[in-house]
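> I need the structure of the sequence given here:
(2 chains)
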Amino acid sequence: TQLLEQSPQFLSIQEGENLTVYCNSSSVFSSLQWYRQEPGEGPVLLVTVVTGGEVKKLKRLTFQFGDARKDSSLHITAAQPGDTGLYLCAGDLRNNQGGKLIFGQGTELSVKP
Amino acid sequence: KAGVTQTPRYLIKTRGQQVTLSCSPISGHRSVSWYQQTPGQGLQFLFEYFSETQRNKGNFPGRFSGRQFSNSRSEMNVSTLELGDSALYLCASSRENTGELFFGEGSRLTVL
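Sure, this is the predicted structure:
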């Protein structure tokens, strides 16, 4: 059972298009993180959202945390070939014994020039 | 500031053998987590160590084990390797109580 459902799994678009990636769960997270991974490398943290309803912007990337802290979305405006990569959402099931990040399956994004 | 370092980067083993992977966290980070990444399952949590103690554990069989040393460096071991253990093993370190992970480049294990 996948705790974090991420969609779509694959996305191939043209340069300049907009896209949205969704991350959904029935669990409540203390925070949610988005990572980007390129081939041959480990994931790199893009952003952490903590408060329900929070919106964070990172240049052309907009991240939103759901009001109930169970879901999140990543919106990319005017995608560029450099945005190509695997995007991963990760929910923090923090407890008094420390954190435990649960990852979604990932969205493989390909932006063609 | 040096990032997370994992060794070896690539290795090939045969079924039944065992393997040890090493991870050096970012200086000052005391938490080290290990993940297995495969195309079919994505990133699966193996375990987390903090101050030489295993703090969290994922749903992997006992063949997967780990430890952490006093300098926060960590190792994970997989015994009696199976074909399905072929994967990218990622180590990540974090500052205390932030939950934000800094990943190494991973160790790609192929089991033949």
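
> Show me the beta-bridge partners of B:Val111.
For B:Val111, the beta-bridge partners are B:Lys13 (DSSP bridges).

> you'd agree it is up against B:Arg15?
Yes: taking Cβ atoms under 8 Å as the definition, B:Val111 is a contact partner of B:Arg15 at 6.1 Å. Any C-beta I mention is one placed from the backbone N, CA and C, and that applies to glycine too.

> give me the element the closest residue in space to B:Gln44 that isn't next to it in sequence is part of.
Ranked by Cβ to Cβ, 6 or more residues apart in numbering or on different chains and with sequence neighbours excluded, the top spatial neighbour of B:Gln44 is B:Gln36, at 4.8 Å. In this assignment (DSSP states H and E), B:Gln36 forms part of strand B:31-38.

> Tell me the helices and strands packed up against the helix or strand just after that strand.
Per DSSP H and E, the first helix or strand lying C-terminal to strand B:31-38 is strand B:42-50. Secondary-structure packing of strand B:42-50 (3 or more Cβ pairs under 8 Å, 6 or more residues apart in numbering or on different chains; DSSP states H and E): strand A:85-92, strand A:101-103, strand B:31-38, strand B:53-57, strand B:64-68, strand B:74-78.

> how about the ones you listed in TSV, adding mean pLDDT?
Listed next are the helices and strands packed on strand B:42-50 as TSV, based on pLDDT from 0 to 100:
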stretch	mean pLDDT
strand A:85-92	94
strand A:101-103	87
strand B:31-38	94
strand B:53-57	90
strand B:64-68	97
strand B:74-78	98
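
> Same list (those strands) but as CSV, adding mean neighbour count.
CSV is the format used below for the helices and strands packed on strand B:42-50 (neighbours: other Cβ atoms under 10 Å in any protein chain shown):
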stretch, mean neighbour count
strand A:85-92, 24
strand A:101-103, 24
strand B:31-38, 24
strand B:53-57, 15
strand B:64-68, 19
strand B:74-78, 21
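
> With distance to B:Ser94 as added columns, please give those in TSV.
Listed next are these as TSV, based on distance: least, Cβ to Cβ, whole Å:
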stretch	distance to B:Ser94
strand A:85-92	11
strand A:101-103	9
strand B:31-38	5
strand B:53-57	11
strand B:64-68	13
strand B:74-78	12
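
> Which stretch among the ones you listed approaches B:Gly84 most closely?
strand B:31-38 (8.4 Å; Cβ to Cβ).
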